[in-house]
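Asks: Sequence first, predicted model second:
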Amino acid sequence: MLFDSSNTLIDDSVQEHSDAQQLNLPQIPLENTASSDGVIDAYAAMYGFEELAKLIYLTSPKGLGYKVEPATHWIEDWEVDHDEKTIYVDNAGVFSGPTTNQEAAEYLKDAIERDFEGKENFWDAAWRVTKGAGITVLGTGEMIVGVIGILVPEPTAATKVAGAAVFVFGASTAVEGVTQIFNVNNGKGVNPIEEGFAAVGDWVGGGDGELWARRAFVFTNIFVSLGGSYSILKVPNTKFLMKGTVNATGKVYKEGYTVGRLQLFYDIPNAGGKVFINVLNNSGQWVIRFQTVSGKLVMNGRIINTSFKHRIENPLEMLKFIGKLCWHGFKVWNGKTK
């Protein structure tokens, strides 16, 4: 059907093809496994004429010339490669099975709105910020565990190596969370280590290499985060998780929790303070403690087998001291190990 500028049907004007039959293509069910024709039908049924026209312009050779292709995604439902001018739509959920026509149409609509039109409703923004905040907290927690692995004095370097790895991956995760909050990379954020994996994969094997490199990063990140954190926090010959907190004499306080070498949220008997985090060495002695003293939150550091006491009240000076301990591996300039 063609229309002139006055919206008059040309066939009505010239009376051509008056014997042509109406073409009615069967509607492909929304719940069928996604196919190119099925996604078009679903898109039209769900979003109407104007949105379908946008899609046609986006994918037409005379329009923007983008292609729509299925691809397996592990986390995101879609991805836009502007260099290849391709919109990749997830074709199989990890737990939900093959993508349906309706789901593919939803993913495609979401990709167009966010990547090409820059639209984001309140719930999208709320989810992005919440997700970014959660990732930031997770990364920050890993950084703290990494610092613990570096700072806790133990007989081997394995804990410090694991601590450094967990800290670096945690910092990269925190960057991803913060960049998600600020809507970088269309709200997906940027994980520097993942992008490094992807760059190497693309250099070695192009697009397929990049895809497998990103998958390798996911496994590596899980292994370092969980495996490294467990190896850092695990104290030999002790339970890893326990309600209550064990002191040096073996007495268990009812309040608090123990997670490996971390003792959390318990009161010190006969002292008006609350301990939020107690970090133990392999001998069950605390070496770093965050607690309240006279209503103030303080950090106490302990050097075993010495009687010297020092006090740092300035947060910046405290951070500098921790950095120096990490940098020099607990060794002072005279060579004596503390």
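Replies: Sure, I can see it.
Asks: burial count for residue 127?
Replies: 13 (other CB atoms under 10 Å). Every C-beta, even on glycine, is put in place using the N, C-alpha and C of the backbone.
Asks: measure it to residue 187 for me?
Replies: 9 Å (CB to CB, to the nearest Å).
Asks: neighbours around residue 294, how many?
Replies: 7.
Asks: Provide the contact partners of stretch 168-180 at residue level.
Replies: If you take CB atoms under 8 Å, 6 or more residues apart in numbering as the criterion, stretch 168-180 is touched by 128-129, 131-146, 185, 187-194, 221, 224-225, 228.
Asks: Selecting buried members of these in PyMOL, what would you type?
Replies: Of the contacts of stretch 168-180, the buried ones go into a single PyMOL selection, burial set by 16 or more other CB atoms under 10 Å:
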select buried, resi 128+129+131+132+135+136+138+139+140+141+142+143+144+145+146+187+188+189+191+193+194+221+224+225+228
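Asks: Of the contacts of stretch 168-180, which belong to helices?
Replies: When those are checked against helices (DSSP state H), the matches are 128-129, 131-146, 192-194, 221.
Asks: where does the stretch 101-250 of the chain dip in pLDDT?
Replies: Applying pLDDT under 70 to the stretch 101-250 of the chain flags the ranges 119-123, 155-156, 247-250.
Asks: those strands in it, which residues are they?
Replies: 241-246 (DSSP state E, counting those that start in this stretch).
Asks: Correct me if wrong: residue 302 contacts residue 289.
Replies: Yes: using CB atoms under 8 Å, residue 302 is in contact with residue 289, at 7.4 Å.
Asks: Looking at these two, which has the bigger crowd around it?
Replies: Set residue 302 next to residue 289 and count neighbours by other CB under 10 Å: residue 289 wins out with 19 against 13.
Asks: And for the more buried one, nearest residue in space, chain neighbours not counted?
Replies: Once flanking residues are discounted, residue 289 sits nearest to residue 300: 4.4 Å by CB to CB, 6 or more residues apart in numbering.
Asks: sec struct for that neighbour, please.
Replies: strand (DSSP: H, G, I helix; E, B strand; the rest coil).
Asks: Please tell me how far it sits from residue 225.
Replies: Computed as CB to CB, the residue 300 to residue 225 distance reads 28 Å.
Asks: same question, residue 88
Replies: Taken as CB to CB, the span from residue 88 to residue 225 is 27 Å.
Asks: Please apply the same query to residue 61.
Replies: 45 Å.
Asks: Without its sequence neighbours, what residue ends up closest to residue 231?
Replies: Nearest to residue 231 is residue 162, by CB to CB, 6+ apart, at 5.0 Å.
Asks: Might one say that residue 65 is in contact with residue 85?
Replies: Yes: the criterion here is CB under 8 Å, and residue 65 meets it with residue 85 at 5.7 Å.
Asks: got the contact list for the spatially most central residue of the chain?
Replies: Centrality entry for the chain: nearest residue to the mean C-alpha point is residue 135, 5.0 Å, by CA atoms, centre = their mean. Residue 135 sits next to 173, 174, 176, 177, 180, 189 when contact means CB under 8 Å, 6+ apart.
Asks: ok, which stretches of the stretch 51-200 of the chain are helices?
Replies: 101-111, 122-151, 158-181, 192-222 (DSSP state H, counting those that start in this stretch).
Asks: So which of those is nearest residue 234?
Replies: Comparison of the helices of the stretch 51-200 of the chain against residue 234 by CB to CB identifies helix 158-181 as nearest, at 9.5 Å.
Asks: Now do the closest one and helix 192-222, the angle between them.
Replies: 120 degrees (axes from the mean of the first three to the mean of the last three CA atoms, to 10 degrees).
Asks: Can you mark which positions in helix 158-181 are buried?
Replies: Quick answer for helix 158-181 (16+ other CB under 10 Å): 159-160, 162-181.
Asks: what does stretch 28-44 give?
Replies: Buried, per 16+ other CB under 10 Å, within stretch 28-44: 28, 30, 34, 38, 39, 40, 41, 42, 43, 44.
Asks: send the alpha carbons of it over as PDB?
Replies: Extracted in PDB, the C-alpha atoms of stretch 28-44 (Å, rounded to 0.1, in the frame of the first residue of the first chain):
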ATOM      1  CA  ILE A  28       3.200 -16.200  15.400                       C
ATOM      2  CA  PRO A  29       2.500 -16.900  19.100                       C
ATOM      3  CA  LEU A  30       4.300 -14.700  21.600                       C
ATOM      4  CA  GLU A  31       5.300 -17.700  23.700                       C
ATOM      5  CA  ASN A  32       7.000 -19.500  20.800                       C
ATOM      6  CA  THR A  33      10.800 -19.800  20.800                       C
ATOM      7  CA  ALA A  34      12.200 -16.500  19.400                       C
ATOM      8  CA  SER A  35      12.600 -16.200  15.600                       C
ATOM      9  CA  SER A  36      13.100 -13.200  13.400                       C
ATOM     10  CA  ASP A  37       9.500 -13.300  12.100                       C
ATOM     11  CA  GLY A  38       8.100 -14.100  15.600                       C
ATOM     12  CA  VAL A  39      10.000 -11.100  17.200                       C
ATOM     13  CA  ILE A  40       8.600  -8.700  14.500                       C
ATOM     14  CA  ASP A  41       5.000 -10.000  15.200                       C
ATOM     15  CA  ALA A  42       5.600  -9.700  19.000                       C
ATOM     16  CA  TYR A  43       7.100  -6.200  18.700                       C
ATOM     17  CA  ALA A  44       4.100  -5.000  16.600                       C
END
